[in-house]
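fold the following for me, if possible:
(4 chains)
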2 protein chains.
Amino acid sequence: MAVTLRDVAQDAGVSIKTVSRVVNNQGEISEATRARVTASVNKLGYRPSKLARALVTQRTDTIGLVLGDITNPFFPEVARGVLDIAEPLGYNVFLCNSDADHQREVRLLHSLADHAVDGVIIFPTYELEEMLDEVAVPGRPLVSVNRPVDGPWASSVMMHSYRGAKKAVEHLLAHQHRTIAMLAGQISDAHRLQRTKGYRDALLEHGVPVREEWIVPGAPIQARGRESARDLLLRYPEITAIFAYNDLLALGALQACHELGRRVPDDCAIIGFDDIPLADRISPSLTTVRVDKYELGRRAMNRLLQMLAEPGVVLGPAWMDVELVVRQSG
Amino acid sequence: MAVTLRDVAQDAGVSIKTVSRVVNNQGEISEATRARVTASVNKLGYRPSKLARALVTQRTDTIGLVLGDITNPFFPEVARGVLDIAEPLGYNVFLCNSDADHQREVRLLHSLADHAVDGVIIFPTYELEEMLDEVAVPGRPLVSVNRPVDGPWASSVMMHSYRGAKKAVEHLLAHQHRTIAMLAGQISDAHRLQRTKGYRDALLEHGVPVREEWIVPGAPIQARGRESARDLLLRYPEITAIFAYNDLLALGALQACHELGRRVPDDCAIIGFDDIPLADRISPSLTTVRVDKYELGRRAMNRLLQMLAEPGVVLGPAWMDVELVVRQSG
DNA sequence: CTGAAAGCGCTTACAG
DNA sequence: CTGAAAGCGCTTACAG
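Sure, this is the predicted structure:
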């Protein structure tokens, strides 16, 4: 069907191997031969099959990107960062949504392995270590975002979730808030522990007791944030501030406040996490912890490339800084 | 390295072919043999190489999704729709950003062809017909979103851009606006012609002359919308309404109005297109033309599957409805 | 019901 | 500087 190496060889009157050498620019070739082969390649519109090549080289020039949900506004910029590094280098990227579902995550990783991707970038939703034996085969590097892993074939890019959460809560404390609740995100989520720990530590260091019933778990989506904030504010009217695991939950809290007639930030301050594109466009604009999502994607991909280039080298985690962006909501 | 068909065959004491048959569930196999092979498969953790299979079947179980830019809030839901159909069926999806750049688009399509994708879903940025000979090889179907193509290996999913634009402008006309400008989007864009035509026709049918200098082209991003709207409103203060090619441009116009002290909608009404997630969360909320983006993705993928299942059948375009959503801005 | 041979389109040593 | 052979891991006819 397609034009093959043999067709070109026949057209140019040389062997298959010679064409291969010209196409891959390897070995010594006489100028005359090269010209003849190149002419045939162009004339026939030959393009080498990556599939056939991959079968022997064990390199497909593809990678897998496994994230929670591309419609979560956190992820598109990350994906863009990954793609902008990958594409000019000839890598194609498989996009997969795990929906923070571990079963699904494992299935996706297997599927990617079946397609023989060269490597994987994953925002893991579960204990990665347990999974690693199964999914991280030697020679197929894996970059984990925000779940630490070290090993010859796994490495991580981390953001300072703990530090960011602590900063956010300290900001609220500095504004005299003492009754601060937290919308804590999904149980299985990679950042949850770090962010709740930041929240706890900030409170404890200021002598403010932690009330477990004010730490509300739940899927990191706006609808859930609205429900949770509503319940909290109705049951515990004394709450004057809410720190949310992410901006979507914070948006939900904002919505709940509007509905309950609580002014933000006067009656209830709200701080989110991520700085999604919406955050500075809504009213009141959202105080939040910013992560450079595009850069995060770039670093993860660069990390993967590094592992591909130096197989088996053990790399420590790379750290991404975060920054508290004070706007109107808190 | 990986477990191969031969390993399983050896372990089970049968031929390679028999293992292949068991794995693919084809042909008649005695229960005893099947059990023995299955046991070996599980014991060794054998997973067939899609690469090797693809080399002979010419099916990779992959598709390419080429869109403008995944960070444009229009696209994540579309991508999600595509993936939600693709994934359960075992298809993996390559994500590619064309940035509305024709050169890049062609390069991406070639790259996808090199990877032997089974099919492509594309939001084309340029005249597709010209490109088709080059990129749409027989047997590799292509679904074009919002650029009509018909043929045995190409088909389109269209949204009623024209109708939506016309409705939007008619709504402005019904509210007594007679000086309506348009932020028209990228020259190369697939929808631009249809949307500007809807704009023109609505004006003409109401006896309002079209002023070409009020139709401003430009990249469909917020920053550009702000600039363009600013220039327009400063040069032509008589303008009382702006119809934007998409919501991002409309958001830019909103911003420009704020900066110029023009109240929306009283001093200047604004209508966008797409209904991105932001549209109903900002203040004033954005009147816009809604497209069901998730469903659009699903339909495009289903269309592709249909073409894969019935090779060579010529399918007419599928049409997606749009709907004017009246909010505060216009 | 099961197996041996050929081939998908390339690359990797090994010769000449 | 160039070529013939073997093989990557599968499936597709063809036998038995």
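
ok now stretch A:141-156, how far from the chain's centre?
13 Å (CA atoms, centre = their mean, to the nearest Å).

what are the buried residues along stretch A:146-163?
Within stretch A:146-163, the residues that count as buried by 16 or more other CB atoms under 10 Å in any protein chain shown are A:146-147, A:149, A:153-163. For every residue, glycine as well, the C-beta is placed using N, CA and C.

up against DNA strand C, what does chain A have?
A:1-2, A:4-6, A:16-17, A:20, A:23-24, A:46-49, A:52-53, A:55-57 (CB under 7 Å from any atom of the strand).

can we see that at 6 Å?
By CB under 6 Å from any atom of the strand, the part of chain A that sits against DNA strand C consists of A:1-2, A:4-5, A:16-17, A:20, A:24, A:48-49, A:52-53, A:55-57.

just the ones of those in helices?
Applying DSSP state H to the residues of chain A next to DNA strand C, the entries found in helices are A:5, A:16-17, A:20, A:24, A:52-53, A:55-57.

just those that are near chain B?
A:52, A:55 (CB under 8 Å from any CB of the partner chain).

what does the lengthiest helix in chain A contact?
As assigned by DSSP H, the longest helix anywhere in chain A is helix A:293-309. Helix A:293-309 has contacts (CB atoms under 8 Å, 6 or more residues apart in numbering or on different chains) with A:63, A:74-75, A:77-86, A:89, A:118-121, A:141, A:143, A:145, A:153, A:155, A:157, A:159, A:274, A:313, A:315, A:318, A:320.

are any of these buried, and which?
A:63, A:74-75, A:77-83, A:85-86, A:118-121, A:141, A:143, A:145, A:153, A:155, A:157, A:159, A:274, A:315, A:318, A:320.

where in the stretch 151-300 of chain A is pLDDT low?
Where the stretch 151-300 of chain A drops to pLDDT under 70, the residues are A:188, A:190.

now with 80, please.
Across the stretch 151-300 of chain A, the ranges flagged by pLDDT under 80 are A:187-190.

all strands of it, in order?
Listed in chain order, the strands of the stretch 151-300 of chain A (DSSP state E, counting those that start in this stretch) span A:154-159, A:180-185, A:215-217, A:241-244, A:269-274, A:287-291.

any chance of JSON lines for these, columns distance to chain B?
Listed next are those as JSON lines, based on distance: least, CB to the nearest CB, whole Å:
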{"stretch": "strand A:154-159", "distance to chain B": "18"}
{"stretch": "strand A:180-185", "distance to chain B": "18"}
{"stretch": "strand A:215-217", "distance to chain B": "22"}
{"stretch": "strand A:241-244", "distance to chain B": "16"}
{"stretch": "strand A:269-274", "distance to chain B": "13"}
{"stretch": "strand A:287-291", "distance to chain B": "15"}
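
got those as JSON lines, with distance to B:Asp114 columns?
Listed next are these as JSON lines, based on distance: least, CB to CB, whole Å:
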{"stretch": "strand A:154-159", "distance to B:Asp114": "28"}
{"stretch": "strand A:180-185", "distance to B:Asp114": "40"}
{"stretch": "strand A:215-217", "distance to B:Asp114": "45"}
{"stretch": "strand A:241-244", "distance to B:Asp114": "44"}
{"stretch": "strand A:269-274", "distance to B:Asp114": "36"}
{"stretch": "strand A:287-291", "distance to B:Asp114": "34"}
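
how far off centre is stretch A:198-210?
The chain centroid and the centroid of stretch A:198-210 are separated by 29 Å under CA atoms, centre = their mean.

buried sites along that stretch?
Across stretch A:198-210, burial judged by 16+ other CB under 10 Å covers A:198-203, A:208.

dump that stretch to CSV, restricted to CA.
C-alpha atoms of stretch A:198-210 as CSV (Å, rounded to 0.1, in the frame of the first residue of the first chain):
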residue,chain,number,x,y,z
GLY,A,198,0.4,22.5,55.5
TYR,A,199,-3.0,23.5,56.8
ARG,A,200,-2.6,21.6,60.0
ASP,A,201,0.9,22.8,60.7
ALA,A,202,0.1,26.5,60.0
LEU,A,203,-2.8,26.2,62.5
LEU,A,204,-0.8,24.4,65.1
GLU,A,205,2.1,26.7,64.9
HIS,A,206,-0.2,29.6,65.7
GLY,A,207,-1.8,27.7,68.6
VAL,A,208,-5.1,27.2,66.8
PRO,A,209,-6.6,23.8,67.4
VAL,A,210,-7.3,21.6,64.4
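
before we move on, back to that, check the buried residues of stretch A:146-163 and tell me the two furthest apart.
Using CB to CB, the buried residues of stretch A:146-163 reach their maximum pairwise distance at A:Trp153 and A:Arg163, which is 28.2 Å.

which residue ends up closest to the midpoint of chain A in space?
Residue closest to the average C-alpha location in chain A (CA atoms, centre = their mean): A:Phe123, at 4.8 Å.

that one against A:Ile70, yeah?
No - in this structure, A:Phe123 is not within contact of A:Ile70 by CB atoms under 8 Å, at 11.2 Å.

okay, and the common contacts of the two?
Joint contacts of A:Phe123 and A:Ile70 (CB under 8 Å, 6+ apart) do not exist.

where along the stretch 51-200 of chain A do the helices fall?
With DSSP state H, counting those that start in this stretch applied, the stretch 51-200 of chain A shows helices at A:75-86, A:102-114, A:128-135, A:161-174, A:192-205, listed in chain order.

compare those and report which one is nearest to A:Ser283.
Taking CB to CB, helix A:161-174 is the member of the helices of the stretch 51-200 of chain A nearest to A:Ser283, at 20.2 Å.

and that closest one with strand A:269-274, angle?
Counting by axes from the mean of the first three to the mean of the last three CA atoms, to 10 degrees, helix A:161-174 lies at 170 degrees to strand A:269-274.

tilt between helix A:161-174 and strand A:287-291?
Going by the same axes, to 10 degrees, helix A:161-174 makes 160 degrees with strand A:287-291.

which residues touch helix A:161-174?
Contacts of helix A:161-174 (CB under 8 Å, 6+ apart): A:146, A:180, A:191, A:194-199, A:201-203, A:206, A:208, A:241, A:243, A:269, A:271, A:273, A:287-289, A:291, A:322-324, A:326, A:330.
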